[in-house]
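Student: got a predicted structure plus its sequence, pasted below:
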Amino acid sequence: MTLDIIPDILRLDAETHRKLDKSVNERCAILRLQNNLDNFQSLILLLYIIIGSSDGHLNPYYSTPEAAAELFEAYPELPDMLKAAWKDKSYHDVRNLSILQMPSTESYTQFSEDQELARSFNTTYRGSALTAFVEYLENNQRKFEQRKYYGKFCSIVQSSGTGKTRLMLELVKKDTLVLYMNLRPEQDRTGFPDRDPIPARLLTEGHTTAEAYGIRCCAFFTAIFQALHASLSKLQKDTGDDQSAVQKWNTDMNTPCSTERATFFKQVRTIVDEIEPMIKAWDKVGSKDATETFQPSLSSSGQKMMIRAYKDMINAFPKLFRPKNEEDNAPKLVIAMDEGHPLHETKNFRPATILCRTISAYSQDVKASIWVVFGSTNSKVAHFASPQADFDSARVSVKGLLVFPPFSQLGWDQLAYGLKKIEATEVAKLFHIICFGRPCAFLFHFLSVNTKQCCRWKSLEKMFVDPVQEIQNLARHKLCGGSKYDPGTTRHALAILGQRFGLDICFGHSEAVEHTESLVASHLRICITVTEDRRWSFTTYPSEPYLSCVAASLLHEKSEMRDETLRVLMKKVNDGMIDMGQSGELASRMLWLLAKDLLVRTRHSPDVFLDEANGKEWDGELIDCQEVSVWDFFKFLFGDDFWTKAGQSATAAFEGAYVNFSHWISMDSNIRRNGLEQLDIKQWTLRHWHRTSAVQCCHNQPAIDKVIPIYFNSPRMVGGDEGRVSQIFISDKARMQAGSADTLDKILRTDNSIAGENHQSPLPYVAILADMGLTQSGVHRIEFPKPSSTQPVYEQCLRIHACGMNSNTYRFLCGSNLGVLRETLQFLVKRHLVPENSQHHIQLVQDRVEFGKSSTEQHMVWETGSVEE
């Protein structure tokens, strides 16, 4: 490996280098460092002095002799560089080495965020994910005691920024011994915490055969148990009791760059170096105890030594590792292997398979709740292959023994403001929107500094050169999988569209698993749950409005980028990978939201992401979350003459009415169900307004398919925010025949499945029937009845019947640069009306198998099954 230099913008200035050089030379003189540096110890001492005199600019981890030795081994040219610097008495070249910088310097940013990230791990942990994870481990322990499972290992799989590492470390608060190690690849220097070089190298580097790696795994766990045994014995002697020893261990071992961590892993490596040759020698002799059963294809001598070390550790500390009673299934020791995906890189064998066989070998003591937990964004970390053969598709182990499904429930919205903390007129502001969704590690610290808005963001000014721009860059970087957005790349396009429009991937498609795993691993899609056999994972893009704004900015950066993205969508819909819904749901979601997108962008230049308020960025409004008046929205949608056709009463009724949706969320049940405790329609609507979400209703929802929140921001109104909300209710179908005459009239807010017959609101609402599949076009009905003595004011409704999917109905589609958008919307509607020719006969045969699925001829008239088409 070569020694890389940090970019110019991150280097210290010349004056700072001179001051630090002076400090280094003074300390060298005091310590009488030899002039010729002719031995290894002198080189280590010089590196120690350079780092120690850097005023915190360099990583103190490499100031230890063990870490310095590893550095010299990895970079053979480093000693010569140190000698040259010593000769010139100038060390700026050494200070500019990337390898010596404080960790987590992102290549795409202009700052070093390591210190803030480290502090973020000491802030208050929010949410109930820790309790849920302990419950998960306890359930795993119960299941393992039934002897149906292969070994005491499991995994945490979730998208980036959701708190996997923090969750592992938080186990110390449950009095669990935690041994954390990070196995990220050496070239990956953008994450936090740092890679632990000793365990990472022992487990991921330098193995050419499965047999040699099996011996290494046995030696590794033997060393872990022996070193832990020795450390706990010393701590118990120093502190006087087991509990204090555990607390001291957890404090020392889970502090990044601590001397205790370096010492412990150095001891592990020393033990591995000692016993690995012994295991190889014993295996050659054929040493095997006939009374013991060992894992096949693993070193029997290595297993025997490992199991003995495991039992010795448990027996030495029975109060720590044995259950307190029959009901005690709490985890006692968790060996956390973070960033575990390198273990699944297939060579001529798969390391993870052999590693898990090793864990299974010592897991036979079913009562000791000692677990290995793998963590990664990549779901492959949960794909443990069968011991019989290392096939990629293997999921379930031999003899019917199962492997535990991964844990994915890491929480959501932990940093969000409460509903009553923010006025409805302020919901588009950056400081509010950015707090919804995943609790990104870099947000934890400054969100915990102070609950007052004026101070809550203060630490960002220290962490970032331009905090608003840098966070946007980070979100764009993560959403695009670490690269620049390429609209022609399928995964990029699906990530951008999926985040806002609720794209669902069809399970049966040949590329479904590959794309789903990639979107979770590299494009921020969230894993909801995984089936027991781990063949299917259920994933989605949940409501995360800041990320929606970032996706919108990428989509609309240039019209050519939007067009290319839409072409990718049409291609993936055409080959069956993207679910369009049952009656045009995807087409209509894109219609309504893209109309608002384009309207917003008529008011701002193309590069505007945030509409700043008086120069205060955190009080600025994200343009895709800003209020848009219902007046302007319907004029943009249906034409400038819309409100003239609607009449003066309708125009006056919707004065001060606004929409602000930036993304869609999907429901699995009706808005209102009898017999269940649920939110009042007013608070339900207000909560969607606060996070700028619109609603795709479930398929069984009567009368309507979508809801867009409305907020009345009028000085004439009095009362709280809940009394100012209303709704746009939409029934949109891709069908060739228009709905019945009363279909539109049946859209009632007081329907029992929506607000209920007792609901009363003086504010008007909107009902839209969008018959997207009709050949006729235009808005054929715009009706707003005047209130009368027989029609209470709370039943005022603006009713609109829009026909077709074309620019005659939706006037905004007339734009000269919107040809591909028109084509996409019409394509999505057409696909619902007429099957593609290439799939026509396949679809007909499938329809006949699915008798009763619908009331149409293809699902009901079985006589056609005997007729050749």
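Tutor: Good, I have the coordinates. Numbers count the residues shown, from 1 in each chain.

Student: so how far is the helix or strand hosting Thr353 from its chain's centroid?
Tutor: Thr353 belongs to helix 351-362 when assigned by DSSP states H and E. Centroid displacement of helix 351-362 relative to its chain, using Cα atoms, centre = their mean, to the nearest Å, is 28 Å.

Student: tell me what that helix is packed against?
Tutor: Under the contact criterion of 3 or more Cβ pairs under 8 Å, 6 or more residues apart in numbering; DSSP states H and E, helix 351-362 touches strand 153-157, helix 197-204, helix 210-239, helix 300-316. Every residue, glycine included, has its C-beta placed from N, CA and C.

Student: swap in 7 Å and give it another go.
Tutor: If contacts are counted by 3 or more Cβ pairs under 7 Å, 6 or more residues apart in numbering; DSSP states H and E, helix 351-362 sits against helix 197-204, helix 210-239, helix 300-316.

Student: mean pLDDT and distance to Lys173 added to those helices, as JSON lines?
Tutor: Shown next, in JSON lines, are the helices and strands packed on helix 351-362 (pLDDT from 0 to 100; distance: least, Cβ to Cβ, whole Å):
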{"stretch": "helix 197-204", "mean pLDDT": "92", "distance to Lys173": "24"}
{"stretch": "helix 210-239", "mean pLDDT": "93", "distance to Lys173": "19"}
{"stretch": "helix 300-316", "mean pLDDT": "92", "distance to Lys173": "23"}
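
Student: between the ones you listed, which one is nearest to Ile370?
Tutor: With Cβ to Cβ, the closest approach to Ile370 among these belongs to helix 300-316: 7.9 Å.

Student: sheet partners, orientation included, of whichever strand or helix holds Ile768?
Tutor: Using DSSP H and E, Ile768 maps to strand 765-771. Sheet partners assigned to strand 765-771 using DSSP bridges are listed as strand 725-733 (parallel), strand 797-803 (parallel).

Student: what are the buried residues along that strand?
Tutor: Going by neighbour count (16 or more other Cβ atoms under 10 Å), the buried part of strand 765-771 is 765-771.

Student: among the residues you listed, which one sits closest to Leu622?
Tutor: So of these, ranked by how close each gets to Leu622 (Cβ to Cβ), first place is Val766, at 24.6 Å.

Student: quick one: residues contacting the residue lying closest to the closest one once chain neighbours are set aside.
Tutor: Using Cβ to Cβ, 6 or more residues apart in numbering and skipping residues adjacent in sequence, the residue nearest Val766 is Ile728, 4.3 Å away. Contact analysis of Ile728 by Cβ atoms under 7 Å, 6 or more residues apart in numbering lists 707-708, 710, 766, 768.

Student: if we go to 8 Å?
Tutor: 630, 659, 706-710, 765-766, 768 (Cβ atoms under 8 Å, 6 or more residues apart in numbering).

Student: switch the helices and strands packed on helix 351-362 over to TSV; also include distance to Tyr149 and mean neighbour count.
Tutor: Formatted as TSV, the helices and strands packed on helix 351-362 follow (distance: least, Cβ to Cβ, whole Å; neighbours: other Cβ atoms under 10 Å):
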stretch	distance to Tyr149	mean neighbour count
helix 197-204	22	21
helix 210-239	18	21
helix 300-316	18	20
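
Student: which regions of the stretch 251-400 of the chain sit below the pLDDT cut-off?
Tutor: Across the stretch 251-400 of the chain, the ranges flagged by pLDDT under 70 are 256-257, 285-297, 346-347, 365-366, 379-400.

Student: all helices of it, in order?
Tutor: 259-285, 300-316, 318-321, 351-362 (DSSP state H, counting those that start in this stretch).

Student: just checking, what packs against the second one?
Tutor: The elements that helix 300-316 packs onto, with contact taken as 3+ Cβ pairs under 8 Å, 6+ apart, are helix 210-239, helix 259-285, helix 351-362.

Student: including distance to Arg18, could the ones you listed go into JSON lines?
Tutor: Converted to JSON lines, the helices and strands packed on helix 300-316 look like this (distance: least, Cβ to Cβ, whole Å):
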{"stretch": "helix 210-239", "distance to Arg18": "43"}
{"stretch": "helix 259-285", "distance to Arg18": "31"}
{"stretch": "helix 351-362", "distance to Arg18": "48"}
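
Student: what mean pLDDT does the strand holding Ile768 have?
Tutor: Mean pLDDT, strand 765-771: 96.

Student: just checking, next helix/strand downstream of that strand?
Tutor: Strand 765-771 is succeeded, C-terminally, by strand 778-783 (DSSP H and E).

Student: quick one on the thing from earlier: pick the most deeply packed of the strands paired with strand 765-771.
Tutor: strand 725-733 (a mean of 25; mean count of other Cβ atoms under 10 Å).

Student: this completes my enquiry, with thanks.
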